[in-house]
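J.: Following is a predicted model, sequence given first.
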Amino acid sequence: MIRQVLGCGPTDAPILLIGEAPGSTEVAGLPLRNIPPSPFIGWSGEFLQEMCARAGIDWSSIRRDNVVQFQPPNNDFSIFYQKTGKSKSEISGYPTSQLEEWHRDLKRRILEIKPRVIVVAGDHPLYALTGNRSSTKWRGSVIPYSDAGFECYIVPIVHPSYARRCYNMTSAKQKDLRQPWFYISVFDLKKAKRISEDGWHPIERTEKIFPTYSEVMEYLEELEAMPEETLINTDVETLRREHIKCIGLTHRKDYAMCIPFVANGLGAPFYNLLQEKEIWIKLDRVFNTHRICNQTIDFDHAMMWRDIGMEFMDSVYVDTAVLHALLYPELNHDLGFLVSLYTDMPYFKYLGRQAEAKSNLAQLCTYNCYDNQSTLEVAEKLITEAKAEGMWEYYLNKRLPLLKWAIRQHIHGLSVDNERRPMIGRRVWEEEIKLKQTALNEALQEVDYQLAYDEKPNKTVQAKLDLLGIEEQIAPDYINVRSSKQVIELLKGLGYKVTSSKNKDKESADEEVLTRLIESEGSVLAKTILDLRGGYNLLGVISKPEDEDGKIRTTIKTYVTETTRLSSTKSHFGSGMNLQNVTKVARPLFCGSFEDE
């Protein structure tokens, strides 16, 4: 018998909690505790009840319901979507007519309750009421809702089952999953409670886009005349990193100006050449005489240095990602997340991608203003928190100089000793790769297992050896440890389980799977594969071509990673590489000493 699980709780509740669909416990109820079939009484519901208690919300005072009031077969909500074929995400398709009917029914139920706040738990209720996707991005936002003259606010949270599954994640590869979603959801529920009691009073903000030349110069002169300790936020937008399209700035959280340098998607200039020159000269004065704030400021500084030749390292003051990472290393540090914690602005980062895809300059400039307003507000509140926690002086004396060093390194690059490159490459090949690779292949020939793949030389490695002048031919039967397909087939053939803990239906040979085999089974094979991958990556670093000026550049992330060290990637210009894993044998390529043994 299919049982409908109706909503429960006061019909005049100020907070309405909407889930996705009932599970087996919600359908059966809890007879031993005299609890009839109800939403959120299963294991995830208990987790949510604890969240509400921490947020000061009386569980009996809120109304609980679901988008769909019947349990989907196998708890698979994706059956209510028409697959588009473009994505494997269960919410990527369009809703079926059955789900559309449930959406209409949900809105009818909302009109009966007339809550002050609707808390949507998970992707499906968020989509049902707003058309937005991804509760992990939209969570914490306050979204106005209106229907048939009724108005209230929606506050999304991640689904409690997701929060509970992620509660004890430990793998480094599951960093996003390991966010402390329980406490983040408590924070979001406190916001919902506050709105239900006091209403919602966001800051009235003004975005100045497409300013005239006179308006730009007037605002820049106003900024230049302000005291040197004035905190000014700036942010640039680029066209696929090819050139700067616009630059925004503000000194207050309720106003921002975006200065466009292109008038359309084809790159036509917005101002004439003389006007643009005068604007950049005035910007240079402002940036070099005041305290500059930004989110990941190294990117913006790199773009301005490349396109305009502007440097203002001495004025760099607050990078919100770096400061937040210092205070809360366990949390996410992207701006979308920080905005949800420190401002009243809803999630807006998707606007930038939309504007870029549609070449919508007006939307891009508006998005840029949002970025500036929110980043300045985040910065001001982070400074207050850092001072309260006794971390502000540490930031100024340790992290800020490190940030400036990273910016300087990116601008000037690292020298490469090309005379030593072949010798270092040969040494890495002989000491880090060849012996282990040969031993691995010889060991595999002794086991009763035939690799089920086409035996081909590794052309990528062969090309690197040729580039370094190393006279070596890759044997055709060498297993390519960098090929996930080959490694998966090998591990499976030897009886190892290679399913990913993130997706039980997906076979994987990534670092997380190999590390698990080493830790749980002491697999020498898995360790050898990881070691060899590191050696081949190092060979790639050594053979990497430098920039036109003969330098190698790397983007250093100056907030400490979970391995308590700095990490790096290729440069903001698309060249360079990750350098944090360069071992002792390869360091002389980038520094100035090398000892022959």
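T.: Thanks, I have it.
J.: Assumed Tyr317 was part of a strand.
T.: Yes: under DSSP: H, G, I helix; E, B strand; the rest coil, Tyr317 falls within a strand.
J.: so how many other residues sit close to it?
T.: Using other Cβ atoms under 10 Å, the number of residues around Tyr317 comes to 21. For every residue, glycine as well, the C-beta is placed using N, CA and C.
J.: now swap in Ser141 and tell me
T.: 24.
J.: Who are the contact partners of the spatially closest residue to it that is not a sequence neighbour?
T.: The shortest distance from Ser141 to any non-neighbouring residue, by Cβ to Cβ, 6 or more residues apart in numbering, is to Pro346 (3.7 Å). Counting by Cβ atoms under 8 Å, 6 or more residues apart in numbering, Pro346 makes contact with 138, 141-143.
J.: Which two among the residues you listed are spaced furthest apart?
T.: Farthest-apart pair in these is Trp138 and Val142; separation 10.3 Å (Cβ to Cβ).
J.: of these two, who's got more company?
T.: Legend: neighbour count by other Cβ under 10 Å for Trp138 and Val142, higher for Trp138 (25 against 19).
J.: my guess is that one contacts Pro125, does it?
T.: No: assessed by Cβ atoms under 8 Å, Trp138 is found out of contact with Pro125, at 11.2 Å.
J.: re earlier: next step: the contacts of Pro346 restricted to helices.
T.: Trp138 (DSSP state H).
J.: between the contacts of Pro346, which is closest to Cys166?
T.: After measuring these against Cys166 - Cβ to Cβ - the closest member comes out as Trp138, at 17.2 Å.
J.: how much space between that closest one and Gly352?
T.: 15 Å (Cβ to Cβ, to the nearest Å).
J.: One more: Lys527?
T.: Counting by Cβ to Cβ, the gap from Lys527 to Gly352 is 42 Å.
J.: likewise Ala192?
T.: For Ala192 relative to Gly352 (Cβ to Cβ), the value is 27 Å.
J.: and if you look at Val186?
T.: On the measure of Cβ to Cβ, Val186 and Gly352 end up 29 Å apart.
J.: The two - which one has more neighbours?
T.: Taking neighbours as other Cβ under 10 Å, Val186 and Gly352 compare with Val186 leading, 21 against 17.
J.: how much space is there between the more buried one and Asn332?
T.: Taken as Cβ to Cβ, the span from Val186 to Asn332 is 16 Å.
J.: With Ile552 instead?
T.: 30 Å.
J.: Flag every buried residue along stretch 318-336.
T.: 318-327, 332-333, 335-336 (16 or more other Cβ atoms under 10 Å).
J.: Present these as JSON lines; the columns should include secondary structure.
T.: Below are the buried residues of stretch 318-336 laid out as JSON lines (three-state DSSP):
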{"residue": "Val318", "secondary structure": "strand"}
{"residue": "Asp319", "secondary structure": "strand"}
{"residue": "Thr320", "secondary structure": "helix"}
{"residue": "Ala321", "secondary structure": "helix"}
{"residue": "Val322", "secondary structure": "helix"}
{"residue": "Leu323", "secondary structure": "helix"}
{"residue": "His324", "secondary structure": "helix"}
{"residue": "Ala325", "secondary structure": "helix"}
{"residue": "Leu326", "secondary structure": "helix"}
{"residue": "Leu327", "secondary structure": "helix"}
{"residue": "Asn332", "secondary structure": "coil"}
{"residue": "His333", "secondary structure": "coil"}
{"residue": "Leu335", "secondary structure": "helix"}
{"residue": "Gly336", "secondary structure": "helix"}
